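>>> got a predicted structure plus its sequence, pasted below:
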Amino acid sequence: MRSPQPRFRDLSVEECHALLASQHVGRLAFAYKDRVDIEPIHYVHDNGWLYGRTSAGTKLEVVTHNRWIAFEVDEVRGPFDWESVVVKGGLYLLRREGSAQEMETYDHGLAVIRRVLPVALTNADPTPERALLFRIHIDEITGRAARA
């Protein structure tokens, strides 16, 4: 008995945003000079942006030189039963200092993060070293899906 042939298709923009909203772990890809790296990150999707937090380190050093990144999230149920979304855009660090707009953006980012982890940046935070907030603007979004 033959297995059914997989069918592949592009996801609509709405389907891409729905997948981003349903997941909270993805992979951030960034380049610096002649090196490309990819790291898993937690994130929250909100109104055309992806919000996350991290600790100081390599990726932040890199994005201060080149803010353009790619981000991927998948939902895999089987070899021919999956959906995948790729976002391209700029990564922006959020600071709780500066102008009123910068502080408002920071507070909004923290509120978004707390939708998934209510204790983020409190004394009960399980990862207090991840004290730096960022957001990624969704400049481009594409998605693919497979079904058996």
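Received the coordinates, thanks.
>>> look up the closest residue to Asp46, ignoring the ones flanking it.
Val112 (4.7 Å; C-beta to C-beta, 6 or more residues apart in numbering). Where C-beta positions appear, they are placed from N, C-alpha and C, glycine not excepted.
>>> checking that neighbour next. Helix, strand or coil?
helix (DSSP: H, G, I helix; E, B strand; the rest coil).
>>> and for it, the neighbour number?
Using other C-beta atoms under 10 Å, Val112 has 21 other residues around it.
>>> ok now do it, which residues does it touch?
44, 46, 51 (C-beta atoms under 8 Å, 6 or more residues apart in numbering).
>>> for these, which one is nearest Lys33?
Closest approach to Lys33 among these (C-beta to C-beta): Tyr51, at 27.7 Å.
>>> wait, isn't the closest one in contact with Arg135?
Yes: between Tyr51 and Arg135 a contact is recorded at 4.9 Å, counting by C-beta atoms under 8 Å.
>>> between these two, what contacts are shared?
In contact with both Tyr51 and Arg135: Gly109, using C-beta under 8 Å, 6+ apart.
>>> by mean pLDDT, which helix or strand of this protein comes out lowest?
helix 58-65 (a mean of 70; mean pLDDT, DSSP states H and E).
>>> and the longest strand for this protein?
When the chain is parsed with DSSP state E, its longest strand is strand 81-94.
>>> now that one, how far from the centre of its chain.
5 Å (C-alpha atoms, centre = their mean, to the nearest Å).
>>> what's that strand packed up against?
Strand 81-94 sits against helix 13-22, helix 58-65, strand 68-78, helix 100-113, strand 132-137, strand 140-147, with contacts defined as 3 or more C-beta pairs under 8 Å, 6 or more residues apart in numbering; DSSP states H and E.
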